[in-house]
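Q: Predicted model and sequence below, questions to follow.
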Amino acid sequence: MKVYKYRSIDEKAFERDFKTLRENCFFAPNYAHLNDPFDIYFKEQITPLIKILRAIFPNNNISNFENELKKTLDFKERVGIYCLSKDFLNEQLWAYYASSYLGYCIEYDLDKLIDKSQNPDFECQLDIHYEDNIPTIGIDDIKNTESFIKKIYAIKKSTWEHEDEIRLIFNNDGLKKNHPSAITGIYFGFRTEKVIKESFYDLFKNNDVKFYEVFPSNFRLERKLIYETKRSLKYEINKFNFEFLREPRENRWEQIFEVHYKGNSNDSNEMKEFIQAFKEMYCFKKSTLYIFNNKEVVSLLDTYPMNENQHIEYNKSTIQIVYEL
């Protein structure tokens with residue numbers, strides 16, 4: 001999934017943002033820096049309840065409620081929020097956040113942006129729901145982190161519905177790292193100056209990035225490809241004869257690949273070069289690569305537990321398993 005961040009070319013903002021992009025970073029601020037005064041706004045029913053309980057049961061220890069409430073409110077203060085949109089042709093966002101088409105919009109690969117090997121404090125991603133009722137936080141919510149986070153960070157007033165927003169939530173605010181391949185495109189407004197465009201071409205000259213211009217046409221916004229940069233690769237993956245046995249899998253920590261290698265697996269130098277070329281082309285975080293000598297083994301990949309004959313067949317089919325690639 002692709003997500004988008006609209007940016008201004010205001011001098012101070014542009015210099016700051018360009019620096020973070022150069023360092024493969026982005027900034028997730030706390031709620032105080034959000035531009036909606038009603039953001040992260042909620043009614044809290046716990047404090048009144050604590051007062052009532054103290055009055056009714058003065059000799060009982062209800063400090064657990066108070067501690068849980070304090071932890072909840074402390075989390076609100078320190079959490080980092082990165083706000084993105086699902087739409088790169090949003091007229092209001094180009095006007096509000098991208099200097100009326102003088103600015104630019106960054107396209108991210110969401111899976112790479114939320115990679116926990118880059119940011120272990122990543123908590124969750126949230127699709128924003130738009131409604132005009134103030135969320136209410138009760139005792140059940142402070143016991144349920146997921147419920148609390150959704151009520152606090154995933155609800156905005158309906159007047160903001162046009163933003164089609166998605167949020168990334170981190171346990172702490174501040175600078176976050178992203179893999180260089182997380183940025184897959186840059187969109188320029190039709191008023192963006194040439195010098196701005198060229199600065200981005202140079203910045204991403206060793207990355208696989210497509211550059212577009214967004215322009216009005218037939219009473220709507222459209223895009224056109226205007227430039228493209230490619231990585232400089234040390235190895236040539238296309239010289240190796242292999243195929244993926246199935247779609248690569250991944251979680252927040254690891255990628256998992258299973259391939260049928262059709263070349264000379266007995267040549268140790270060839271295998272070493274293939275592994276390095278594969279890593280360079282496909283891996284953006286810690287990975288495990290399973291290399292097999294036939295494609296029939298695919299029927300055993302999800303078999304558990306295996307019987308003795310299946311174990312024998314699986315082992316005969318396995319050329320090599322490369323961990324932490």
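A: Looks like it arrived, so ask away.

Q: helices or strands up against the one helix or strand residue 212 maps to?
A: Using DSSP states H and E, residue 212 maps to strand 209-217. Judged by 3 or more C-beta pairs under 8 Å, 6 or more residues apart in numbering; DSSP states H and E, strand 209-217 is in contact with strand 183-189, helix 194-203, strand 220-229. In this view, the C-beta of every residue, glycine as well, is placed from N, C-alpha and C.

Q: burial of residue 283, as a residue count?
A: Burial of residue 283 is recorded as 18 neighbouring residues (other C-beta atoms under 10 Å).

Q: Ok, residue 107 next?
A: Neighbours around residue 107, by other C-beta under 10 Å: 19.

Q: next one: residue 278
A: Residues near residue 278, counting by other C-beta under 10 Å: 22.

Q: From the contact counts, what lies against the helix or strand hosting it?
A: Taking DSSP H and E as the criterion, residue 278 maps to helix 268-282. In terms of contacts (3+ C-beta pairs under 8 Å, 6+ apart), helix 268-282 is packed against strand 255-261, strand 287-292, strand 318-322.

Q: Can you list the strands that the last one pairs with?
A: When pairing is defined by DSSP bridges, strand 318-322 lines up against strand 287-292 (antiparallel).

Q: Hey, what's the angle from the helix holding residue 278 to strand 287-292? Just curious.
A: 130 degrees (axes from the mean of the first three to the mean of the last three C-alpha atoms, to 10 degrees).

Q: now helix 268-282: mean pLDDT?
A: Averaged across helix 268-282, the pLDDT comes to 97.

Q: domains of this protein?
A: 2-229, 237-322 (automatic domain parsing).

Q: how long is the shortest one end to end?
A: Translated: domain 237-322. Distance between the boundary residues of domain 237-322 (C-alpha to C-alpha, to the nearest Å) amounts to 17 Å.

Q: Residue 118 versus the residue nearest to residue 256 when sequence neighbours are not counted, what's the distance?
A: In space, and not counting its chain neighbours, residue 256 is closest to residue 249: 4.5 Å by C-beta to C-beta, 6 or more residues apart in numbering. Per C-beta to C-beta, to the nearest Å, residue 249 is found 19 Å from residue 118.

Q: Distance from the chain centre to stretch 166-184, please.
A: 6 Å (C-alpha atoms, centre = their mean, to the nearest Å).

Q: distance between the ends of that stretch?
A: 18 Å.

Q: tell me which residues of it are tucked away?
A: 166, 167, 168, 169, 170, 173, 176, 178, 179, 181, 182, 183 (16 or more other C-beta atoms under 10 Å).

Q: Repeat that for stretch 115-135.
A: Per 16+ other C-beta under 10 Å, stretch 115-135 contains these buried residues: 115, 118, 119, 122, 123, 125, 126, 128, 135.

Q: so the nearest residue to residue 303 once chain neighbours are set aside is in which element?
A: Counting by C-beta to C-beta, 6+ apart, residue 310 is the residue found nearest to residue 303 once chain neighbours are left out, at 6.0 Å. For residue 310, the host element (DSSP H and E) is helix 308-317.

Q: re the thing from before, just the ones of the buried residues of stretch 166-184 in strands?
A: 166, 167, 168, 169, 170, 176, 183 (DSSP state E).

Q: Pick out the most distant pair among those.
A: For those, the farthest-apart pair by C-beta to C-beta is 169 and 183; their separation is 20.5 Å.

Q: returning to what we had before: between the buried residues of stretch 115-135, which sits nearest residue 206?
A: Once C-beta to C-beta is applied, the member of the buried residues of stretch 115-135 that ends up nearest residue 206 is residue 118, at 18.7 Å.

Q: Surely that closest one is in contact with residue 177?
A: Yes: assessed by C-beta atoms under 8 Å, residue 118 is found in contact with residue 177 at 4.4 Å.

Q: what stretches of the stretch 51-200 of the chain score poorly on pLDDT?
A: Within the stretch 51-200 of the chain, the ranges that satisfy pLDDT under 70 run 51-73, 138-139, 141-143.

Q: Relative to residue 241, how far out is the nearest residue to residue 321 once chain neighbours are set aside?
A: In space, and not counting its chain neighbours, residue 321 is closest to residue 290: 5.4 Å by C-beta to C-beta, 6+ apart. Between residue 290 and residue 241 the computed distance is 17 Å (C-beta to C-beta).
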